[in-house]
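Novice: pasting a predicted model and its sequence here:
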There are 2 protein chains.
Amino acid sequence: MSLIIIGTVAFDAIETPFGKTDKIVGGAATYASLAASYFYDKVKIVGVVGDDFQKKDIDLLDTHGIDTEGLQIKAGEKSFFWSGKYHNDMNSRDTLVTELNVLADFDPVIPESYQDCEYLMLGNLTPQIQQTVIKRLKNKPKLIVLDTMNFWMDVAMDDLLETIKLIDVLTINDAEARQLSGEYSLVKAAKKILEMGPKYLIIKKGEHGALLFHEDKVFSTPALPLAEVFDPTGAGDTFAGGFIGYLAKVGTINFNNMKNAIVYGSALASFCVEKFGTERILNLSEAEIAERIKEFVSLSSFTIEN
Amino acid sequence: MSLIIIGTVAFDAIETPFGKTDKIVGGAATYASLAASYFYDKVKIVGVVGDDFQKKDIDLLDTHGIDTEGLQIKAGEKSFFWSGKYHNDMNSRDTLVTELNVLADFDPVIPESYQDCEYLMLGNLTPQIQQTVIKRLKNKPKLIVLDTMNFWMDVAMDDLLETIKLIDVLTINDAEARQLSGEYSLVKAAKKILEMGPKYLIIKKGEHGALLFHEDKVFSTPALPLAEVFDPTGAGDTFAGGFIGYLAKVGTINFNNMKNAIVYGSALASFCVEKFGTERILNLSEAEIAERIKEFVSLSSFTIEN
């Protein structure tokens, strides 16, 4: 039994008001698999890189017990590269460079050893690739989580609608939920989206936390208010990885576990933004994570005696 | 012992995507005192209206047990009038008309019977008027809550800084917290603001809920996700009124009671937006309020066993 995470594995160059990086390892699958590795020890990655991706970069994943057999390395080609600059508010950014490189004709390969997949995280990629992965798995996973973005709603809405019919959990932000449903009210948006296929909808609201919708139920978790957001890159992917990693660990899918999974995902994301790139989520201790969870409990708990 | 609420008592004409109203009774003190009246039976209002304010308008407050001795009625003058139109997203609005009328030279009168004031809510008015009210009370109230807005930071910052030295709880929105402190991070903003005098800071984030800061502690409450926001007018004042009314009822000021007060304030505000103006908060039943509180508990509670 395993958790497969498919998504970009990339180089990023990031500039924030606090400084800038050279090319560092990034990508949705990198952040998500690192986050998931804190909860579950059978995390397997599917992705593609060029031969500019070095042994030490793969070692980074290996040392977290992440299986990289499904990570294709294309000789003579370059890895996906993204460069961006955050504004002072850290909530908006300009993309400076996007070089698809190996991603342009990415055809995901599912190794035979991955066919024990029980949990599947489909990171933000074309809906067609996401659908291909589902179809290449011989058995339907117990839980499929899909992350997507407004870009695919603009250019591949039909494919996206086909794909989300096949999944269990959809994660998007509030603007994307409004775009996908055509409804401004998030309650109405959620109702429509849950009729499109997913059983659960997670609406990510960045510094305002996240909402979970399921049937007629709704759960809201805050983001941890932080004195300093150093670099938001990868926070959403870290959230998703922590979320599905926690669910893989507990092994039972229900609304209560889903709520806890969102809190764990939020906790991991709150670490991610404290340093550049993946730096902060490379070496978290169990005690640190437990302490952060306590902060979330204290942040949102109250006791009213009616 | 009593709870005094000072603020505007006004006529509003409101237009939303759902319809429009003629002149209806509004104003911060109206919303706040109605909300507070559900928790505490000694609510006293300080404000000013013109003689266009009719007996039935005063009866509206009387029937909720709100003492109106401090509500001055200026013969031959007109009440404060505000007219606004909400955009489709209901989060932004255009002010169409603001007629100060009686408010232009408002000099608050504190009747002798109000000198038992234990809880004081200073609704959004000039900082000078807010300060005058504090000074006209012979005894320092047990709790002073002050609501203000960016306008006073623009035109009367020095007065505002003087006034907030005298209070216990400041309620502002996130943009205002950033403006007042010069810090983008709300954690840093809160730290600075708590050094300016208030012991507690409430940052109102509209559809994203509210944050409470006190010493090194922070509490976050979500807003209830609603299918339909019919008219947001007065929601912030209803929140503040429910908040201080609940505290007046429990009578002990500490962080835990403050957290519950924020949940009660949020619950009352969630009713307010369901109909035009004060309509929805005129006749709430205890059962309705208890039910709404249950929804807040369910919305934000989770149980993690470490």
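Specialist: Great, that's in hand. Numbering: from 1, shown residues only, chains lettered A, B, ... in the order given.
Novice: A:Asp174 reaches A:Lys205, doesn't it?
Specialist: Yes: contact status for A:Asp174 versus A:Lys205: in contact at 5.4 Å, counting by C-beta atoms under 8 Å. For every residue, glycine as well, the C-beta is placed using N, CA and C.
Novice: show me what contacts A:Asp94?
Specialist: A:84-85, A:87 (C-beta atoms under 8 Å, 6 or more residues apart in numbering or on different chains).
Novice: repeat the analysis, applying 6 Å as the threshold.
Specialist: Neighbouring residues of A:Asp94 by C-beta atoms under 6 Å, 6 or more residues apart in numbering or on different chains: A:Lys85.
Novice: and it, bridged to which residues?
Specialist: Beta bridges link A:Asp94 to A:Lys85 when assigned by DSSP bridges.
Novice: any idea how far it is from chain B?
Specialist: As judged by C-beta to the nearest C-beta, to the nearest Å, A:Asp94 and chain B stand 18 Å apart.
Novice: what do you get for A:Ser2?
Specialist: A:Ser2 is 25 Å from chain B, by C-beta to the nearest C-beta.
Novice: ok, that residue - how many residues close by?
Specialist: Around A:Ser2 there are 20 other residues, counting by other C-beta atoms under 10 Å in any protein chain shown.
Novice: go on, the one 4 residues further on?
Specialist: Using other C-beta under 10 Å, A:Ile6 is surrounded by 28 other residues.
Novice: ditto for A:Leu282
Specialist: Using other C-beta under 10 Å, A:Leu282 has 12 other residues around it.
Novice: tell me the pLDDT at it?
Specialist: What the model reports as pLDDT for A:Leu282 is 97.
Novice: not counting its neighbours along the chain, what's nearest it?
Specialist: Spatial nearest neighbour of A:Leu282, chain neighbours left out: A:Leu34 (6.9 Å); criterion: C-beta to C-beta, 6 or more residues apart in numbering or on different chains.
Novice: element containing the one you found?
Specialist: Assigned by DSSP states H and E, A:Leu34 belongs to helix A:28-37.
Novice: pLDDT of that helix, averaged?
Specialist: Mean pLDDT, computed over helix A:28-37, is 98.
Novice: now for it, which elements pack on it?
Specialist: strand A:2-6, strand A:43-50, helix A:235-250 (3 or more C-beta pairs under 6 Å, 6 or more residues apart in numbering or on different chains; DSSP states H and E).
Novice: A:Thr95: which of the ones you listed is closest?
Specialist: Nearest to A:Thr95 among these is helix A:235-250 (15.3 Å), distances taken as C-beta to C-beta.
Novice: report the angle between that closest one and helix A:28-37.
Specialist: Helix A:235-250 and helix A:28-37 meet at an angle of 40 degrees, taking axes from the mean of the first three to the mean of the last three C-alpha atoms, to 10 degrees as the criterion.
Novice: near chain B at all, helix A:235-250?
Specialist: No: using C-beta under 6 Å from any C-beta of the partner chain, helix A:235-250 stays clear of chain B, with a minimum separation of 9.8 Å.
Novice: following that helix, which helix or strand comes up?
Specialist: helix A:255-272.
Novice: near chain B at all, that next one?
Specialist: Yes: counting by C-beta under 6 Å from any C-beta, chain B has neighbours in helix A:255-272: A:259-260, A:263.
Novice: burial count for A:Asp67?
Specialist: 20.
Novice: could you do A:Tyr40 as well?
Specialist: Neighbours of A:Tyr40 using other C-beta under 10 Å come to 22.
Novice: quickly find the element holding it.
Specialist: A:Tyr40 belongs to no helix or strand when assigned by DSSP H and E.
Novice: skipping adjacent residues, who's closest to it in space?
Specialist: A:Ala248 (4.2 Å).
Novice: looking at the helices and strands packed on helix A:28-37, which is nearest to A:Glu291?
Specialist: Closest among the helices and strands packed on helix A:28-37, once you apply C-beta to C-beta, is helix A:235-250, at 15.1 Å.
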